[in-house]
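Trainee: Turn this into a structure:
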Amino acid sequence: MSLRIVFMGTPDFAVPTLAEIVGQGHEVVAVYTRAPAKRGRGLAEQPSPVHAMADRFGFPVFTPRTLRDPEAVETFRSLEADVAVVVAYGMILPQEVLDAPAIGCLNLHASLLPRWRGAAPIQRAVMAGDAETGVAVMKMEAGLDTGPVGMLERVAIGPDETAGELHDRLSRLGADLMARALAALSRGALGFVPQPEEGVAYASKITNEEARIDWSWPAKKVHDHVRGLSPFPGAFVLADLGRGAERLKVLRTAVAGGAGEPGTLLDDELTVACGEGAVRLLQVQRAGKGVVTAADFLNGVSLRKGAVLSASADDGKPD
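Mentor: Numbers count the residues shown, from 1 in each chain. Okay, here's the model as predicted:
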């Protein structure tokens, strides 16, 4: 049975789910997304990835600044949706909106709830060194990602997998999971189980200062930190590359052998000593430059064994 669906999402992560819903033959009566934002060169306003997809399908698009005023609530209610599907929308839904669809609002969340509720579940799972994560279809309620779960799919996290790579895998897996959940919902066969009270963890937004690498950590923690922040916002260090302290993003590393004073280069191949063990920097990016391999980076700078990549908060501020 086809469902009347309001889709609510904003970034690239949500696009496969919208496409899957369309492919399954459901009726998308409207798409809600964040308003166009200034980005790119010239800071021209650009629609969100979901907005661009909705325009290609010809769906009505709403970009309210808030859903809390009575007019916005009434507009949403007038759509007479069976269900709202919410994927990384980026705006809190008030109770009046949650109650408006006949069946309620379903959220696709990229974690094994209740672990990593909140804004950055993919990054936090990788940064924490989790061995697995997944996607969950949850019925939304007023609390932050606290609603009962209807379906859940687990996946292993590769030991060298970046948050960006995991993001893309979970985006596709989540689209498939939501399609299955909606199919079950249309048959009246989607049940929900309350989340356990144990194992709750919160995935707060990543701050700029938090992205700084601390070389006093063990090598495994540094490695997980780097891949958890790759490609965005990018873990960083400060290095003197000939013009004073310069911010250097580190996008990919490998755990390596060796020991020394934390932050010190142990060789001429960008192997850096940590509190325990060492990591080798594989991909880096200077401010205003593209991502390059360690070998290409070393061709253009004078960084040799014994140099120190700083972790001191007094050596500069993030961009």
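Trainee: just for the stretch 201-319 of the chain, where's the confidence low?
Mentor: Counting by pLDDT under 70, the ranges of the stretch 201-319 of the chain that qualify are 311-319.
Trainee: now the strands for it?
Mentor: Counting by DSSP state E, counting those that start in this stretch, the stretch 201-319 of the chain has strands at residues 202-203, 235-240, 245-256, 271-273, 278-286, 292-293.
Trainee: can you list these in JSON lines and add mean neighbour count and distance to Gln24?
Mentor: C-beta: built from backbone N, CA, C; applies to glycine. Shown next, in JSON lines, are the strands of the stretch 201-319 of the chain (neighbours: other C-beta atoms under 10 Å; distance: least, C-beta to C-beta, whole Å):
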{"stretch": "strand 202-203", "mean neighbour count": "18", "distance to Gln24": "29"}
{"stretch": "strand 235-240", "mean neighbour count": "22", "distance to Gln24": "39"}
{"stretch": "strand 245-256", "mean neighbour count": "20", "distance to Gln24": "36"}
{"stretch": "strand 271-273", "mean neighbour count": "23", "distance to Gln24": "49"}
{"stretch": "strand 278-286", "mean neighbour count": "21", "distance to Gln24": "38"}
{"stretch": "strand 292-293", "mean neighbour count": "15", "distance to Gln24": "42"}
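Trainee: Could you dump the ones you listed into TSV and include distance to Met127?
Mentor: Shown next, in TSV, are those (distance: least, C-beta to C-beta, whole Å):
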stretch	distance to Met127
strand 202-203	9
strand 235-240	9
strand 245-256	13
strand 271-273	18
strand 278-286	15
strand 292-293	23
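Trainee: Between these, which one is closest to Asp168.
Mentor: strand 245-256 (15.4 Å; C-beta to C-beta).
Trainee: Tell me which other helices or strands that closest one touches.
Mentor: helix 219-228, strand 235-240, strand 278-286 (3 or more C-beta pairs under 8 Å, 6 or more residues apart in numbering; DSSP states H and E).
Trainee: Pull up the pairing partners for that strand, direction included.
Mentor: When pairs are called by DSSP bridges, strand 245-256 turns out to pair with strand 235-240 (antiparallel), strand 278-286 (antiparallel).
Trainee: With distance to Lys205 as added columns, please give the ones you listed in TSV.
Mentor: Output for the strands paired with strand 245-256, formatted as TSV (distance: least, C-beta to C-beta, whole Å):
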stretch	distance to Lys205
strand 235-240	16
strand 278-286	22
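Trainee: So which bits of the lengthiest helix in the chain are buried?
Mentor: Taking DSSP state H as the criterion, the chain has its longest helix at helix 163-186. Judged by neighbour count (16 or more other C-beta atoms under 10 Å), helix 163-186 contains these buried residues: 163-167, 169-171, 173-175, 177-182, 185-186.
Trainee: residues contacting Val272?
Mentor: Listed by C-beta atoms under 8 Å, 6 or more residues apart in numbering, the contact partners of Val272 are 215, 263-266, 278-281, 309.
Trainee: Looking at those residues, spot the one nearest Ala54.
Mentor: Using C-beta to C-beta, these come closest to Ala54 at Leu281, 40.6 Å.
Trainee: Need the nearest residue in space to that closest one, chain neighbours excluded.
Mentor: Once flanking residues are discounted, Leu281 sits nearest to Leu270: 4.0 Å by C-beta to C-beta, 6 or more residues apart in numbering.
Trainee: Could you double-check that the one you found lies in contact with Asn299?
Mentor: No - using C-beta atoms under 8 Å, Leu270 makes no contact with Asn299, being 12.0 Å away.
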